[in-house]
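**Student:** next comes the sequence, and after it the predicted model I'd like to discuss.
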Amino acid sequence: MKEVLVATNNKGKVKDFEELFKPHGIQVISLKDLDEPIEVEETGTTFEENAILKAEETAKILGKWVISDDSGLEIDALNGEPGVYSARYAGEPKDDEANIDKVLEGLTGVPEGSRHARFRCVLAIAGPGLETQTFSGSCDGSIAFERKGEHGFGYDPIFHVPSEGKAMAELTPSEKAAISHRGEAMRKFEKELPNLIGKAGDRS
Ligand SMILES: O=P(O)(O)OP(=O)(O)OP(=O)(O)OC[C@H]1O[C@@H](n2cnc3c(O)ncnc32)[C@H](O)[C@@H]1O
Ligand SMILES: [Mg+2]
């Protein structure tokens, strides 16, 4: 496995995955690199359902193993919103800045101690001859009052990471990989990697 197809159209996720696969010498190819667009409808009600949908549908279309990622932000004071709707919280088309504005407005008047939130991520791997597997991770923090930092994507500028004393967007890619929801899911996936490479070898 010298390259891996990640079934995502999100450039920010692609960068995270490049950082995560770098130590394995594995190159990341995403749906953005394909000639034909693939956009799987995310009709599930959980991160796990959507991750499986994206991985299985894309694997069926391409006829090879793919990894997908479904993720989002859960804010306690907003009863778990935006959750599985994180990408399009402020409506179509997907707009990270508008999503952040909507979260900050929703939390108007909510004091510092009541702004707990968590990022969640479920990775799924699916493909020919493989039983679909999932790996999950989460990252606890709180929603800041304003944006900080230039790294990352999505809600990173307003997600305060207490262990680092910084916003997620202030962390370098390798610092984010070490503590993020995607990093945690990825480390579980890594444990399974030797088995998966073995299975890939059996098929060739
Ligand atoms: O479905 P794909 O094509 O992978 O791309 P997407 O952006 O639509 O991805 P999701 O459906 O999984 O929605 C995840 C959203 O949650 C947010 N999100 C997920 N992980 C994040 C992270 O590490 N940092 C900041 N925001 C994140 C961000 O708004 C994403 O658009
Ligand atoms: Mg999506």
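**Tutor:** Looks like it came in fine. Ligands and ions are numbered 1, 2, ... in the order given.
**Student:** buried sites along the strand or helix carrying Arg187?
**Tutor:** Following DSSP states H and E, one finds Arg187 within helix 181-203. For helix 181-203, burial by neighbour count (16 or more other C-beta atoms under 10 Å) applies to His181, Arg182, Gly183, Glu184, Ala185, Met186, Phe189, Leu196. Using the backbone N, CA and C atoms, a C-beta is placed for each residue, glycine as well.
**Student:** same deal with stretch 137-147?
**Tutor:** The neighbour-count check on stretch 137-147 (16+ other C-beta under 10 Å) flags Gly137, Ser138, Cys139, Gly141, Ser142, Ile143, Ala144, Arg147 as buried.
**Student:** ok, those vs ligand 1, which is closest?
**Tutor:** Checking the buried residues of stretch 137-147 against ligand 1 by C-beta to the nearest ligand atom gives Cys139 as the nearest, at 8.1 Å.
**Student:** which parts of this structure sit against ligand 1?
**Tutor:** Within the chain, the positions near ligand 1 by C-beta under 6 Å from any ligand atom are 8-10, 13, 42, 69-73, 86-87, 99, 119, 152-156, 180, 182.
**Student:** buried ones among these?
**Tutor:** Buried by 16+ other C-beta under 10 Å: 8-10, 13, 42, 69-73, 86-87, 99, 119, 152-156, 180, 182, out of these.
**Student:** and the strands in the chain?
**Tutor:** Per DSSP state E, the chain carries strands over the ranges 3-6, 27-30, 66-75, 116-127, 130-143, 159-161, 166-167.
**Student:** could you check the angle strand 116-127 makes with the third one?
**Tutor:** It refers to strand 66-75. For strand 66-75 against strand 116-127, the angle by axes from the mean of the first three to the mean of the last three C-alpha atoms, to 10 degrees is 170 degrees.
**Student:** any idea how far strand 66-75 is from the chain center?
**Tutor:** 4 Å (C-alpha atoms, centre = their mean, to the nearest Å).
**Student:** list the helices and strands it packs on?
**Tutor:** Here strand 66-75 touches strand 3-6, helix 11-21, helix 47-62, helix 96-106, strand 116-127, helix 181-203, going by 3 or more C-beta pairs under 8 Å, 6 or more residues apart in numbering; DSSP states H and E.
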